[in-house]
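> With the input below, show me the fold.
(2 chains)
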There are 2 protein chains.
Amino acid sequence: MATTTAIDFRSLTLDAPLPLDSGRELAGVQVAYETYGELAADKSNAVLIFHALTGDQFVAGTNPVTGKPGWWERMVGPGKPIDTDRFQVICANVIGSCLGSTGPSSTGPDGEPYGMEFPVITIRDMVRAQMAMLDMLGIEKLHAVVGGSMGGMQALSCAANFPERTDRVLAIATTARHTAQNIAFHEMGRQAIMADPNWHGGDYYHGEAPAKGLAVARMAAHITYLSEEGLTEKFGRRLQDREAKSFGFDADFQVESYLRYQGLSFTDRFDANSYLYITRAMDYFDLAEEHGGLLADAFRGAKDTRFCLVSFDTDWLYTTADMREVVHALNAVAAPVSFVELSAPYGHDSFLLDVPALDRVVEGFIA
Amino acid sequence: MATTTAIDFRSLTLDAPLPLDSGRELAGVQVAYETYGELAADKSNAVLIFHALTGDQFVAGTNPVTGKPGWWERMVGPGKPIDTDRFQVICANVIGSCLGSTGPSSTGPDGEPYGMEFPVITIRDMVRAQMAMLDMLGIEKLHAVVGGSMGGMQALSCAANFPERTDRVLAIATTARHTAQNIAFHEMGRQAIMADPNWHGGDYYHGEAPAKGLAVARMAAHITYLSEEGLTEKFGRRLQDREAKSFGFDADFQVESYLRYQGLSFTDRFDANSYLYITRAMDYFDLAEEHGGLLADAFRGAKDTRFCLVSFDTDWLYTTADMREVVHALNAVAAPVSFVELSAPYGHDSFLLDVPALDRVVEGFIA
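The predicted model follows:
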């Protein structure tokens, strides 16, 4: 985390305390955000992109934290499917995260980092913070909201709770409800973090971070982002830099080496407490429950919103069956919705990777 | 682990050093085993059951470690599908484990527990130890070998490497090769154990065990043993002993509470180093690779052995597709094989649970 604190993130401070689903409120909320492209004089061309669990506001260009290209560089830019010559793309770091928006690593009212004193937040709270950001930017209505994975949850939550704020909703590789299996994987990751003695009940900002626990949590999550077919194709049982098995506990197999790298490199850029809070928000997500138990009721206010939903055939984290439930709910309120299951070998991560069919769907729907 | 050391396991000591696939050998190997039913005078009625990763030799009756019924009580006993009025069932604790057979927690040549000085073993090594045990028991040929999950790997390995030792092979919910995804889940679990500061490079037998790391490893594995449908049916998003979400990090959801319990209770009965060694053996398992790269070649010596293979439709750990590869290989060498995919909601764990169709398959094949 040392690397991120030195960066001066572009942000604004909300001018009123943010009410939260827990009943608490959060004062002095910072929302870090980036924009790409010019806002039209009538402010009619804004596209809000919501990021995923470990994502950030750096959609395109170079991410100043990692030095790597933005996470959706392939989708966002001049002449790209979400064309920044036509639209102004806005992306904000979610509250609870650690890339400039207020989260557990931010300084609380007592001058110390919040740690576990940070309130538990929900997906709706994340969206609420971003709507307040739009208010301050003077943007009443968006051309579209777009998101994959947890970004898609925010897009659906936005449609359900703030339908007047957007003309279009594009939700990719997502769900209206975390299942028992989804919760189980997250809980396992949280237990890995909390089992790390460096976690200290979340109060580790003056010492060593619980990097080993966070790395294990990330490894487990990473497995769920990939398909079995994709893993087999990418790694199979191939050995890492050796001719034969070592009969030891080094990373003999390429897949082991890859996972260790994914786990370790993640700990340089992400805060363990943020991981706890954001996974909790995702586990709490159940759009039907929020609206009296019937998913269709969540969308009653969004009849005039155009929806596009995309799932991937190899995504076993948020499946086509999960997405169909959203389609049925939208059909029940006669909202205009198009739905497509795309074929791609990469599992859940397909929404981030080279899937030309997705580019065409996104371009067609946004334009 | 304190509970198990007080138990006097029934065992024998192999009379010759055990050669291992690594090229090393292990002297003074103890094999702990149990028998159920009487051995016929001509020793023709022995059925060897191989146990799974965290299983043990206590197939039926009461497990003296846990005080609970044996793990296959429903399948083994007088008048049961594997009828101990007709057969003598033998089940041995695999080497590398911690229930009386030699493993990393056993005392090594220097008078101290082996820890990570224990040699890395393979599934074939486990089988080799059990064949040596049969030699000492004077049993040349078995009526059948039977196993589910890692037990099924041993059954297939036995067929491939010791085809003359058994008339029948019954392999359930298993595979001839660990895939990249299988390896990935195990590697994540091993990293969780090794990240626990109590692990101390495996040298913890005089201090506190790495229980937190082992619990996390077990939680992750447990998710892979259940189907998404099964988890949804069993837990869904139901809350644990509360009316509403707590907006905290307690186990709000029943599935969280269940997983925490599964993780913690496991650490009372299992050794973390054994978990490392046995998962490694499973990851190394690739029956084709062992036999020149072609799975059919593994079974060339087993043409006269009768095979029965069973998979479950909701098992995403070792799938029906994995099992079909074994069927194809057996077909290629014209071995007599029957194969059935059973429908059951419990995922991989189906082989241990109430699936009457499995009882009928087992009874029909063994009798």
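> what does the stretch 1-150 of chain A have sitting close to chain B?
If contact is defined as Cβ under 8 Å from any Cβ of the partner chain, the residues of the stretch 1-150 of chain A in contact with chain B are A:21-24, A:116, A:119-120. From N, CA and C alone the C-beta is placed, and that goes for glycine too.
> Tell me the pLDDT of the residue nearest the centre of chain A.
Within chain A, the residue whose C-alpha comes closest to the C-alpha centroid is A:A52; the distance, by Cα atoms, centre = their mean, is 1.2 Å. In this prediction, A:A52 carries a pLDDT score of 98.
> same thing with A:A6?
Confidence for A:A6, expressed as pLDDT, is 67.
> of all the residues in the stretch 251-367 of chain A, which ones are close to chain B?
Remark: the part of the stretch 251-367 of chain A in contact with chain B comprises A:251, A:253, A:255-256, A:259-260, A:263, A:276, A:280, A:283-284, A:286, A:289, A:316, using Cβ under 8 Å from any Cβ.
> related to what we said a few turns ago, dump the residue contacts of the residue nearest to the centre of chain A.
A:147-151 (Cβ atoms under 8 Å, 6 or more residues apart in numbering or on different chains).
> Kindly recompute the last result at 6 Å.
With Cβ atoms under 6 Å, 6 or more residues apart in numbering or on different chains as the criterion, the residues that contact A:A52 are A:149-151.
> now, which of those residues sits nearest B:A155?
Comparing the contacts of A:A52 against B:A155 with Cβ to Cβ places A:S149 closest, at 40.5 Å.
> The closest one: neighbouring residues, count only.
Using other Cβ atoms under 10 Å in any protein chain shown, A:S149 has 27 other residues around it.
> what separates it from chain B, distance-wise?
A:S149 sits 17 Å away from chain B when distances are taken as Cβ to the nearest Cβ, to the nearest Å.
> ditto for A:D313
If you measure A:D313 against chain B using Cβ to the nearest Cβ, the figure is 15 Å.
> where does that residue land on pLDDT?
In this prediction, A:D313 carries a pLDDT score of 97.
> Check the one 3 residues further on too.
At A:W316, the predicted lDDT confidence score is 96.
> Could you count how many residues lie near it?
17.
> Could I get the residues of the stretch 251-367 of chain A next to chain B in a markdown table, plus columns for distance to A:T166 and secondary structure?
Below are these laid out as a markdown table (distance: Cβ to Cβ, whole Å; DSSP: H, G, I helix; E, B strand; the rest coil):
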| residue | distance to A:T166 | secondary structure |
| --- | --- | --- |
| A:A251 | 46 | coil |
| A:F253 | 45 | strand |
| A:V255 | 40 | helix |
| A:E256 | 43 | helix |
| A:L259 | 38 | helix |
| A:R260 | 41 | helix |
| A:G263 | 36 | helix |
| A:L276 | 30 | helix |
| A:R280 | 26 | helix |
| A:D283 | 26 | helix |
| A:Y284 | 23 | helix |
| A:D286 | 22 | strand |
| A:E289 | 23 | helix |
| A:W316 | 29 | coil |
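> nearest to A:G202, of the residues you listed?
The closest of those to A:G202 turns out to be A:L276 (Cβ to Cβ; 7.6 Å).
> what about the stretch 251-367 of chain A, any weak spots by pLDDT?
Scanning the stretch 251-367 of chain A for pLDDT under 70 picks out no residues.
> likewise the stretch 1-150 of chain A?
In the stretch 1-150 of chain A the weaker segments, taking pLDDT under 70 as the threshold, are A:1-6.
> could you pull out the strands for it?
Along the stretch 1-150 of chain A, the segments classed as strands by DSSP state E, counting those that start in this stretch run A:11-13, A:18-19, A:25-26, A:30-36, A:46-50, A:76-77, A:82-83, A:88-92, A:144-148.
> Tabulate those strands (CSV), appending mean neighbour count.
Shown next, in CSV, are the strands of the stretch 1-150 of chain A (neighbours: other Cβ atoms under 10 Å in any protein chain shown):
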stretch, mean neighbour count
strand A:11-13, 15
strand A:18-19, 16
strand A:25-26, 17
strand A:30-36, 21
strand A:46-50, 26
strand A:76-77, 22
strand A:82-83, 22
strand A:88-92, 25
strand A:144-148, 28
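> Looking at these, spot the one closest to B:I193.
Taking Cβ to Cβ as the criterion, B:I193 comes closest to strand A:144-148 out of the strands of the stretch 1-150 of chain A, the separation being 33.2 Å.
> Next one: the residue nearest to the residue nearest to the centre of chain A when sequence neighbours are not counted from B:V327, what distance?
The shortest distance from A:A52 to any residue that is not its chain neighbour, by Cβ to Cβ, 6 or more residues apart in numbering or on different chains, is 4.0 Å, and that residue is A:S149. Going from A:S149 to B:V327 by Cβ to Cβ, to the nearest Å gives 37 Å.
> returning to what we had before: who's in contact with the residue nearest to A:A52?
Residues in contact with A:S149, defined by Cβ under 6 Å, 6+ apart, are A:52, A:173-174.
> go with 10 Å
Listed by Cβ atoms under 10 Å, 6 or more residues apart in numbering or on different chains, the contact partners of A:S149 are A:50-55, A:171-175, A:225, A:282, A:315, A:317-318, A:348-349, A:351-352.
> Kindly report the same for A:I278.
When the contact criterion is Cβ under 10 Å, 6+ apart, the partners of A:I278 are A:52-55, A:94-98, A:103-104, A:121, A:123, A:126, A:150, A:186, A:270-271.
> How is it assigned, secondary-structure-wise?
Secondary structure, DSSP: H, G, I helix; E, B strand; the rest coil: A:I278 is helix.
> sorry, back to before: which one of the strands of the stretch 1-150 of chain A lies nearest to B:H206?
strand A:25-26 (48.5 Å).
> rewinding a little: the residue nearest to A:A52 and A:E34, how far apart?
As defined by Cβ to Cβ, A:S149 lies at a distance of 19 Å from A:E34.
> Run a quick check on A:I82 versus A:A46, I expect a contact.
No: no contact is recorded between A:I82 and A:A46 when judged using Cβ atoms under 10 Å, the distance being 11.5 Å.
> can you tell me the average pLDDT over the helix or strand encompassing A:E187?
Assignment of secondary structure by DSSP states H and E places A:E187 within helix A:180-195. Across helix A:180-195, pLDDT averages out at 97.
> relative to helix B:180-195, how tilted is that helix?
Counting by axes from the mean of the first three to the mean of the last three Cα atoms, to 10 degrees, helix A:180-195 lies at 30 degrees to helix B:180-195.
> how distant is the very next helix or strand once past helix A:180-195 from the center of its chain?
Past helix A:180-195, heading to the C-terminal end, the next element that is a helix or strand (DSSP H and E) is helix A:211-225. Between the centre of helix A:211-225 and the centre of its chain there are 16 Å (Cα atoms, centre = their mean, to the nearest Å).
> Could you list the domains of chain A?
The record's domain parsing of chain A by automatic domain parsing lists A:2-179+A:285-366, A:183-278.
> of these, which approaches B:T305 most closely?
Shortest distance between B:T305 and the domains of chain A, using Cβ to Cβ, is found for domain A:183-278: 26.2 Å.
> give the contact list for A:Q181.
Applying Cβ under 10 Å, 6+ apart, one finds that A:Q181 lies in contact with A:224, A:316-317, B:223, B:226-232, B:235, B:255.
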